[in-house]
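**Q** below is the structure, and that's it, no one-letter string:
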DNA sequence: TCATGATGTTTGTTATAACAAAATTATGAA
DNA sequence: TTCATAATTTTGTTATAACAAACATCATGA
């Protein structure tokens, strides 16, 4: 990522867009989804700024935006941390995902071309392969691409960015649960059902399949989280 | 508002919370919902900063946040404006409102106490009265309070703030249509149906009533917007 | 009249320093 | 040891200045 093949820290020079704020935002975001920080880890502005070789202003802006999106939380007037695993938050995000991703699916399904369906089939093959070879990170990545390929069909830009914020939220809090979570041939059946619904031009069938996928994921994630909490 | 009874400009000294950014944010937000600025009006950072007697940093942060929420739009690398009336955006926001406010309604309905129902009845009376006396601003205000009194029941904080951003978006873009929009005894029937559903402990009935309310509003707003566009 | 290029102005972004408030550590007594 | 309090360090916020890019204006040429 960012063409940074050496082990050294990321640098602002990696930025394409002219905005350091965006660079800081996506950097932290990526670290969160990769589980670099443990829950409870503090993210002070100056530390982040130094880490990314930027000033305090863009670092502050990125952190505040992530707090606003729920990917980070404020536990005091001057302390933002990586959120602790929180079942109530997982439930809330899941309910919003069902509502919003269901909406995007149903509105977008009628617009699916053959090219899109082919892309989804190819993605599903990649996912299955990655799961068999236990490359969970790859599987998760292609799984996300599978979902958003469908969501993009409805051409509702604000809806899409809201959904992305929800994925970031769950990804950040529950990253360390994904390995055990992904063991279970995650989502294969639901994805195939969704593709079938697209072929049949049956939007509500696609929606049902995607909602099922979200619910399955929720159950597995919740179970894993509960066992994790019990063990500690 | 803000205890500013004189005609002079708002001042940062009105702030309760210690954050100038929040003050700037709510100030612009309120001006947007009150229709102070016409669509297309530019909002340069320095101008806003001077108007609110704050520095460039909090002004910039407030503007960027409103852009992110969709209440303002960027039409160039260095120009943000009050969005023009846009039927596609109204449709997108309405679809998201149906999904999210429907969710909040259905999840919250079972938690309605008698005190809540009494509050809703009182609000509805105030709304009817305001409508009869053509005090549309008051009616709109209490209408919002009616909706959010129901939405707060589900205790999903992130869901609530997402819904609030959607209200801001439509309020900002369509404010100048509200007078003709409110003429039509807006929402009375649906609100009464929602209250009835709460009394009957029938969440899906409440949801249906609220969704109907949103759809009715959408139709009227769309019609008014179309006539406005035709006329010009 | 219209296109085009130069020039000056406006504007978003960022680094920095200063300030106040919070968080942390040290200190003391019970 | 434990808890409260004082001292110290850390930290978020904000105003400001500098810079570069975008924008506007105007002159020039066809």
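**A** The structure has been received and is ready for your questions. Just so it is clear, the model here is predicted, and its values are computed rather than measured.

**Q** just the element for residue A:67, please.
**A** Using DSSP states H and E, residue A:67 maps to helix A:56-69.

**Q** in that helix, which residues are buried?
**A** A:57-66, A:68-69 (16 or more other Cβ atoms under 10 Å in any protein chain shown). From N, CA and C alone the C-beta is placed, and that goes for glycine too.

**Q** quick check: mean pLDDT of the next helix or strand after it?
**A** Using DSSP H and E, the helix or strand that directly follows helix A:56-69 along the chain is strand A:73-76. Across strand A:73-76, pLDDT averages out at 96.

**Q** is strand A:73-76 anywhere near DNA strand C?
**A** Yes - residues of strand A:73-76 contacting DNA strand C under Cβ under 7 Å from any atom of the strand: residue A:76.

**Q** report the central residue of chain A.
**A** Taking Cα atoms, centre = their mean, the centroid of chain A lies closest to residue A:167, which sits 3.4 Å from it.

**Q** which secondary structure state does that residue sit in?
**A** The three-state label given to residue A:167 by DSSP: H, G, I helix; E, B strand; the rest coil is helix.

**Q** how about the nearest residue to it, chain neighbours excluded?
**A** residue A:144 (6.7 Å; Cβ to Cβ, 6 or more residues apart in numbering or on different chains).

**Q** tell me how far whichever strand or helix holds residue A:223 lies from the chain's centre.
**A** According to DSSP H and E, residue A:223 maps onto helix A:203-231. Its chain's average C-alpha position is 14 Å from that of helix A:203-231, according to Cα atoms, centre = their mean, to the nearest Å.

**Q** report the buried residues of that helix.
**A** By 16+ other Cβ under 10 Å, the buried positions in helix A:203-231 come out as A:203, A:205-211, A:213-214, A:217-218, A:220-222, A:224-225.

**Q** skipping adjacent residues, who's closest to the residue in chain A that chain B sits nearest to in space?
**A** Among the residues of chain A, residue A:99 lies closest to chain B, at 4.0 Å counting by Cβ to the nearest Cβ. Among residues not flanking residue A:99 along the chain, residue B:99 sits closest, at 4.0 Å (Cβ to Cβ, 6+ apart).

**Q** is stretch A:194-203 in proximity to chain B?
**A** No - under the criterion of Cβ under 8 Å from any Cβ of the partner chain, chain B is not reached by stretch A:194-203; the shortest gap measures 13.6 Å.

**Q** show me what contacts the one residue in chain A that gets nearest to DNA strand D?
**A** As assessed by Cβ to the nearest atom of the strand, DNA strand D sits closest to residue A:45 within chain A, at 3.2 Å. The contact partners of residue A:45, by Cβ atoms under 8 Å, 6 or more residues apart in numbering or on different chains, come to A:56, A:59-60, A:63.

**Q** how about 10 Å then?
**A** A:55-64, A:78, A:80 (Cβ atoms under 10 Å, 6 or more residues apart in numbering or on different chains).

**Q** over to residue A:108?
**A** Counting by Cβ under 10 Å, 6+ apart, residue A:108 touches A:116, A:149-156, A:159-160, A:198, A:203, A:206-207.

**Q** for chain A, identify the residue most remote from the centre.
**A** residue A:200 (28.5 Å).

**Q** for it, what are phi and psi?
**A** phi -80, psi 0 (degrees, to the nearest 10).

**Q** from what I see, it and residue A:110 are in contact.
**A** No - here residue A:200 does not reach residue A:110: they are 11.5 Å apart, not a contact under Cβ atoms under 10 Å.

**Q** anything in contact with each of those two?
**A** Common neighbours of residue A:200 and residue A:110 (Cβ under 10 Å, 6+ apart) are residue A:206.

**Q** hey, which helix or strand in chain A has the poorest pLDDT?
**A** Within chain A, no helix or strand scores below helix A:178-182, which has a mean of 71 by mean pLDDT, DSSP states H and E.

**Q** what's around residue A:40, how many residues?
**A** Neighbourhood size, residue A:40 [other Cβ atoms under 10 Å in any protein chain shown]: 10.

**Q** can you tell me the SS state at it?
**A** Applying three-state DSSP: residue A:40 is coil.

**Q** what sits against the closest residue to it other than its chain neighbours?
**A** Leaving aside its sequence neighbours, residue A:40 sits nearest to residue A:81 (Cβ to Cβ, 6+ apart; 5.5 Å). By Cβ under 10 Å, 6+ apart, the residues touching residue A:81 are A:37-43, A:72-75.

**Q** export these to CSV and tack on distance to residue A:123?
**A** Compiled in CSV, the contacts of residue A:81 are given as follows (distance: Cβ to Cβ, whole Å):
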residue, distance to residue A:123
A:37, 29
A:38, 31
A:39, 31
A:40, 35
A:41, 33
A:42, 37
A:43, 33
A:72, 30
A:73, 33
A:74, 37
A:75, 38
